[in-house]
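>>> Got a sequence here, can you build the structure:
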Amino acid sequence: MHKPENIVDAMYQNDAFSQWLGIEVIEVKDGYCELKMTVRKEMLNGFQIAHGGIAYSLADSALAFASNSHGRKSLSVETSISHLMSVKEGDVITTETNEISLSNKIGVYLISIKNQNDKEVAIFKGTVYRSSKEWFPEDE
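Down below sits the predicted model:
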């Protein structure tokens with residue numbers, strides 16, 4: 001039987017970008033992932049706020065980890081983000097996933113991104129294709 005923590009650990013070990021972002025995995029379970037990171041100076045745009053791609057990338061990693069946590073390799077096919085408020089250097093942003101729908105081939109997730117004051121800074125929606133490939137087929 002698969003363990004979500006083992007899947008996410010295997011994914012993270014090969015994910016140089018998530019490592020560069022400084023993402024910390026807080027909690028993982030089937031269909032769920034909570035991540036946290038601190039916004040650094042090199043992540044700011046010309047307005048001295050976090051580049052929109054930073055929150056997007058954090059949520060994209062949460063989508064990948066949550067959707068793959070069921071044990072089947074899953075890939076995003078559509079994503080979108082709505083930015084609700086700016087994020088600044090030193091802010092700590094956290095994702096929380098909500099699995100909206102899960103079928104044999106498609107998963108839909110809504111991901112809330114909040115700052116250290118528990119204010120929602122962005123909402124991300126992602127749809128994934130669930131392949132038939134298992135993460136650890138030898139365990140089945």
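>>> okay, CA-based contacts and neighbour counts for the rest of this
Fine.
>>> in this structure, which ranges drop under the pLDDT threshold?
1, 139-140 (pLDDT under 70).
>>> where along it do the helices fall?
4-13, 16-21, 52-68 (DSSP state H).
>>> Tell me which of these is the most buried.
Greatest average neighbour count among these goes to helix 52-68 (a mean of 24), per mean count of other C-alpha atoms under 10 Å.
>>> Counting by contacts, list what it packs against.
Packed against helix 52-68 by the contact rule (3 or more C-alpha pairs under 8 Å, 6 or more residues apart in numbering; DSSP states H and E) you find helix 4-13, helix 16-21, strand 24-29, strand 32-38, strand 72-83, strand 92-102, strand 106-114, strand 120-134.
>>> could I get it in PDB with only the CA atoms?
The C-alpha trace of helix 52-68 is given here as PDB (Å, rounded to 0.1, in the frame of the first residue of the first chain):
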ATOM      1  CA  GLY A  52       3.000  36.400  -9.000                       C
ATOM      2  CA  GLY A  53       4.900  33.300 -10.100                       C
ATOM      3  CA  ILE A  54       6.000  32.700  -6.500                       C
ATOM      4  CA  ALA A  55       2.500  32.000  -5.000                       C
ATOM      5  CA  TYR A  56       1.600  30.200  -8.200                       C
ATOM      6  CA  SER A  57       4.700  27.900  -8.000                       C
ATOM      7  CA  LEU A  58       4.000  27.100  -4.300                       C
ATOM      8  CA  ALA A  59       0.400  26.200  -5.100                       C
ATOM      9  CA  ASP A  60       1.500  24.200  -8.200                       C
ATOM     10  CA  SER A  61       3.800  22.200  -6.000                       C
ATOM     11  CA  ALA A  62       0.900  21.600  -3.500                       C
ATOM     12  CA  LEU A  63      -1.200  20.500  -6.500                       C
ATOM     13  CA  ALA A  64       1.400  18.000  -7.600                       C
ATOM     14  CA  PHE A  65       2.000  16.600  -4.100                       C
ATOM     15  CA  ALA A  66      -1.700  16.300  -3.200                       C
ATOM     16  CA  SER A  67      -2.800  14.800  -6.500                       C
ATOM     17  CA  ASN A  68       0.100  12.200  -6.500                       C
END
